[in-house]
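In: following is a predicted model, sequence given first.
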Amino acid sequence: MKEINDSLFEKEVIESDMPVVVDFWAPWCGPCKAVGPVMEELSKQYSGKIKFVKVNVDENLETSQEFRILSIPTIMIFKDGKSVETSVGFKSKSDIEKILVNYI
């Protein structure tokens, strides 16, 4: 799963031809550490269908503020350059998969 920064967000997410799951996280966030391995697993499982990236909110304030990330972990799904789904807080693998199937 690729970690991106403010300067790559447009290219990697907004301009992507496939749906993109963005995991907004921080290294000090306990629930973020729990969801990280789940996101890694899902990124492998959905490789070629959905792109997965992560954004460290502490290091990328511009993107975090633009999308009003107030709590983490926050997972946002982008399709055709637009945010189509937002989920705040820890979610299990099956809960995330229930959301993802709508965007394949």
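Out: Okay, I see it.
In: from residue 13, how far off is residue 83?
Out: Distance, residue 83 to residue 13, using C-beta to C-beta, to the nearest Å: 9 Å. (Each C-beta comes from the backbone N, C-alpha and C, glycine too.)
In: where exactly do the strands run in this protein?
Out: 2-3, 20-25, 51-56, 74-79, 82-88 (DSSP state E).
In: buried deepest among those, which one?
Out: For the strands of the chain, the largest average neighbour count (mean count of other C-beta atoms under 10 Å) is found in strand 20-25, namely a mean of 24.
In: angle of that one against strand 82-88?
Out: Relative orientation of strand 20-25 and strand 82-88, computed by axes from the mean of the first three to the mean of the last three C-alpha atoms, to 10 degrees: 40 degrees.
In: hmm, who's touching strand 20-25?
Out: Strand 20-25 is touched from outside by 1, 12-13, 32, 35-36, 39, 42-43, 50-57, 64, 67, 69, 72-79, 100, with contacts defined as C-beta atoms under 8 Å, 6 or more residues apart in numbering.
In: repeat for stretch 83-91
Out: The contact list for stretch 83-91, computed with C-beta under 8 Å, 6+ apart, reads 31, 34-35, 38, 67, 71, 73-78, 96, 99, 102-103.
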